[in-house]
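A.B. asks: Sequence and computational prediction follow.
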Amino acid sequence: MDFLEGLNEPQRKAVQHIDGPLMIIAGAGSGKTRVLTYRTAYLIQHGVDPFSILLLTFTNKAAGEMRHRIESVIGSQAKNIWMGTFHSIFAKILRFEGERLGYTSNFSIYDTDDSKSLIRALIKEQNLDDKVYKVNLVLNRISNAKNRLIGPEQYLGSSVLEHEDRLAKIPMMGQLYKSYCARCFQANAMDFDDLLFQTNILFRDHLDVLNKYQHKFKHVMVDEFQDTNVSQYLITKKLAAVNQNICVVGDDAQSIYAFRGADIQNILNFERDYADLTTIKLEENYRSTKAIVAVANSIISRNKSQLKKDVFTSNEEGDQIEIIRASSDNEEGRLIASTIFETRQKEVGFTWADFAILYRTNAQSRSFEESLRRLNIKYRIVGGLSFYQRKEIKDVLAYLRFVVNQNDEEAFKRIINLPKRGIGDTTIAKIAVTAAENQMSIWDVVSNINQFQGNRGSAPIEQFADLIKSFKLMVEIEQKDAYEVASHVAKASGLVRELYEDKTVEGLARYQNMQELLNAIKQFVDSEENEDKSLGTFLQSVSLLTNADTNEDPNDRDKVTLMTVHSAKGLEFKHVFLVGLEEDLFPSQMMLQSQADLEEERRLFYVAITRAEKKLMISYAESRYQFGRLKSCEPSRFLNELDSTYLKMAKVQGKKDTSAFRPVQKTGFVEKSTAGSASAAQLIQKPKQNTNYQHVPSADFKQTAPENLQEGQRVEHQKFGFGLIKKLEINGAERKAHIQFEKGVGEKVLLLSFAKLMVVE
DNA sequence: GGTCGTATATTTTTT
DNA sequence: ATATACGACC
């Protein structure tokens, strides 16, 4: 048991706890993964069968890494552990057991785009106003209901929900939910939430199935427990009910997925559900310097709902945290890119991979990409449009999905006229009507089109049906593996040819992406880990990939990382740049509805800070492009909340950012104007006045020296308008003004080194 | 049915 | 800036 040696006391206790419920509260950088790895290894060394261990992680990548690390301790047995995300593990179980619920093992998994497209269709069919019934809103309501285990029947029966929907002026919400579920079922498809929702139904209504898995999984472990939703928690609780060997690991201070249904109460109230719970706190941070830990603690201490923790470190003091002010998002990009360049030059031992730029929204990556490219710094972007969300990839996948499951309505809509074969909306609508009239599925109609329609216009449909039938033959009769089918489908459908003939730069990239997809399928088939090489299995695994999961060329890893704070969870970097610290951006304006929302944003800020090992720089811009226009920004309130003894204002580089103020260039001509992109004519038209964002010339508003201010004075603020200074607080570098504003914003505390004010005479 | 031009809305994070 | 929707026209 030599691996126990390097552990501290609470870590060792956690590893050696075998029987009974266990909760590990693991502060940032406290060696959580290590504990989880060793504990699993320890269990196996003490005779627990790896097949009976269920380890639920947050991403597939985390599962893969954990498996790798366990393997290095105990060898090949690690392969047998049930390890993966909630979604992938229970998709697998539903594949086996789904028949109990009326699904076949080939059910499709609808991604968010599919769900949205279905909802859009339903809104249209039911003649609802799509300005009122916004797709995102409807999907959110449905998703929330599913995550709280409220099915459509229950939804319709709930007077509370009915009241809510009436107030929100969407009284048909319940009906929409019901028809959405019906259509998904008809399509033999589950959306992301269904994978958990239906698992709950399965375990609720089929006790023999539940029993089987309860006895199968003797030990259930959940990583990132703070980010589980009610649905996930209930599944775990049920599975662990017999053996009571449930071990949850998490940090309430890092709960950042409430928008997806994660319920921080799961971890805060875990003790209530298990009377004989052992709780172990890992509070020593091995990752970051004292300065970083102190700043992080100063932030998180402001949150009310949290478990008591005392995170400390024995690491060195480290450098101060630098706050960088930039005049625009472009300057922010340049400042940070050049800092990265200089640091790498000056200091020993830094590689590109030691730097990370973290932002709140994916859209912020643009200015950094440009600046990094200009300095020839290699970078990679995690997230954004992932590979599997690209159009050309989704097209092929839609074909494959339809070959496996002909009820898949969304896949059908995507491919029926792709490549163009002269089947328009009218024809498709006719088919749908015919199907409904004869109580048949769409495929039944399509595959026997001659029975329903005269010769007129049916030829292309017949061709399409024959094509699909030939693909089906390959899968069902000839039992070809995923790669053989996919490469044939790509060619025979004409998708490859269409891309090949497109000689533009984008066309070439799309062609390469398609090849890349085929490579990925080949890898899947060739990999020894996958026993089942069928198309159906491949499709399921693909639809559950997260954007952190994309594999990289291991020889080419030395790159600066750009990603959102959300996707940085669980990672660490020597040098972190946390950018875009502006009010309404971080914390996000969209997010802030309640105190709880603010606390979640603060936890997000905490997560970002604690990714840094040695150095942390935080930046904000005074103006930023949004929808093509320049908008002025305020520094984030979070900057005021940082422990100022560890802060240092970095000097702004002198030059004003002129490029940001450059007027829109008029385009004289355009080679080819395509539908869907802004046309030349639109560019030539005078720019529309957008009253929301007007750039106020900063010359009028200045950072006012504290000496020139006094309590009771009236000031005008660049954004909040007129206000009265209630109180001035000047403690060394920390200079704050409490200002009561006259408009709706109320009282705000502004940091004087940031705020731009005009003194009103 | 397909293509193009124009109006309009968009504002977060992700399995 | 860019995605989408819709109407005019071929």
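C.D. replies: Happy to help now that I have it. Residues are numbered from 1 along each chain as shown, chains lettered A, B, ... in the order given.

A.B. asks: Low-confidence stretches in the stretch 51-200 of chain A?
C.D. replies: The model of the stretch 51-200 of chain A has no residue with pLDDT under 70.

A.B. asks: Residues of it that sit close to DNA strand C?
C.D. replies: A:Arg120 (CB under 7 Å from any atom of the strand). C-beta here means a position set from N, CA and C on the backbone, and glycine is covered the same way.

A.B. asks: what helix or strand is A:Gly84 on?
C.D. replies: Following DSSP states H and E, the helix or strand that holds A:Gly84 is strand A:82-85.

A.B. asks: Which positions within the helix or strand following that strand qualify as buried?
C.D. replies: Counting by DSSP H and E, the next helix or strand C-terminal to strand A:82-85 is helix A:86-97. Within helix A:86-97, the residues that qualify as buried are A:Phe86, A:His87, A:Ser88, A:Ile89, A:Phe90, A:Ala91, A:Lys92, A:Ile93, A:Leu94, A:Arg95, A:Glu97, counting by 16 or more other CB atoms under 10 Å.

A.B. asks: ok now helix A:86-97, how far from the chain's centre?
C.D. replies: Centroid displacement of helix A:86-97 relative to its chain, using CA atoms, centre = their mean, to the nearest Å, is 21 Å.

A.B. asks: How far off centre is the helix or strand following it?
C.D. replies: Counting by DSSP H and E, the next helix or strand C-terminal to helix A:86-97 is strand A:108-110. From the chain centre to the centre of strand A:108-110 is a distance of 18 Å (CA atoms, centre = their mean).

A.B. asks: List of residues touching strand A:108-110?
C.D. replies: Outside strand A:108-110, the residues within contact range by CB atoms under 8 Å, 6 or more residues apart in numbering are A:91, A:118, A:184, A:187-192, A:195, A:401, A:404-405, A:408, A:410-411, A:539-540, A:543-544.

A.B. asks: same question, stretch A:52-67
C.D. replies: The contact list for stretch A:52-67, computed with CB under 8 Å, 6+ apart, reads A:33, A:36-37, A:40, A:43-44, A:78-79, A:81-86, A:88-89, A:216-224, A:227, A:232, A:236, A:239, A:544-546, A:548-549, A:569-570.

A.B. asks: May I have stretch A:141-149 as PDB, with CA atoms only?
C.D. replies: The C-alpha trace of stretch A:141-149 is given here as PDB (Å, rounded to 0.1, in the frame of the first residue of the first chain):
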ATOM      1  CA  ARG A 141     -39.100  25.000 -19.200                       C
ATOM      2  CA  ILE A 142     -39.200  21.500 -20.600                       C
ATOM      3  CA  SER A 143     -35.700  20.800 -19.500                       C
ATOM      4  CA  ASN A 144     -36.300  22.200 -16.000                       C
ATOM      5  CA  ALA A 145     -39.400  20.100 -15.600                       C
ATOM      6  CA  LYS A 146     -37.600  16.900 -16.700                       C
ATOM      7  CA  ASN A 147     -34.700  17.600 -14.300                       C
ATOM      8  CA  ARG A 148     -37.200  17.900 -11.500                       C
ATOM      9  CA  LEU A 149     -38.800  14.700 -12.600                       C
END
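
A.B. asks: wait, does that stretch contact DNA strand B?
C.D. replies: No: judged by CB under 7 Å from any atom of the strand, stretch A:141-149 stays clear of DNA strand B, getting no closer than 7.7 Å.

A.B. asks: Counting neighbours, which bits of that stretch end up buried?
C.D. replies: For stretch A:141-149, the neighbour count (16+ other CB under 10 Å) marks A:Arg141, A:Ile142, A:Ser143, A:Ala145, A:Lys146, A:Asn147, A:Leu149 as buried.

A.B. asks: which residue packs closest to the first one, ignoring adjacent ones?
C.D. replies: Looking back up the chat, that one is A:Arg141. Here the nearest residue to A:Arg141 in space, its sequence neighbours aside, is A:Met173; by CB to CB, 6 or more residues apart in numbering that works out to 5.8 Å.

A.B. asks: which residues does the one you found contact?
C.D. replies: With CB under 8 Å, 6+ apart, A:Met173 has these contacts: A:Tyr133, A:Val138, A:Arg141, A:Tyr155, A:Leu161, A:Asp165.

A.B. asks: Turn these into TSV, including secondary structure and distance to A:Ala62.
C.D. replies: Below are the contacts of A:Met173 laid out as TSV (DSSP: H, G, I helix; E, B strand; the rest coil; distance: CB to CB, whole Å):
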residue	secondary structure	distance to A:Ala62
A:Tyr133	coil	37
A:Val138	helix	32
A:Arg141	helix	30
A:Tyr155	helix	34
A:Leu161	helix	35
A:Asp165	helix	38
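
A.B. asks: of those, closest to DNA strand C?
C.D. replies: Comparing the contacts of A:Met173 against DNA strand C with CB to the nearest atom of the strand places A:Tyr133 closest, at 13.1 Å.

A.B. asks: what's the nearest residue to that closest one if we skip its chain neighbours?
C.D. replies: Nearest non-adjacent residue to A:Tyr133, counting by CB to CB, 6+ apart: A:Ile123, 5.1 Å away.
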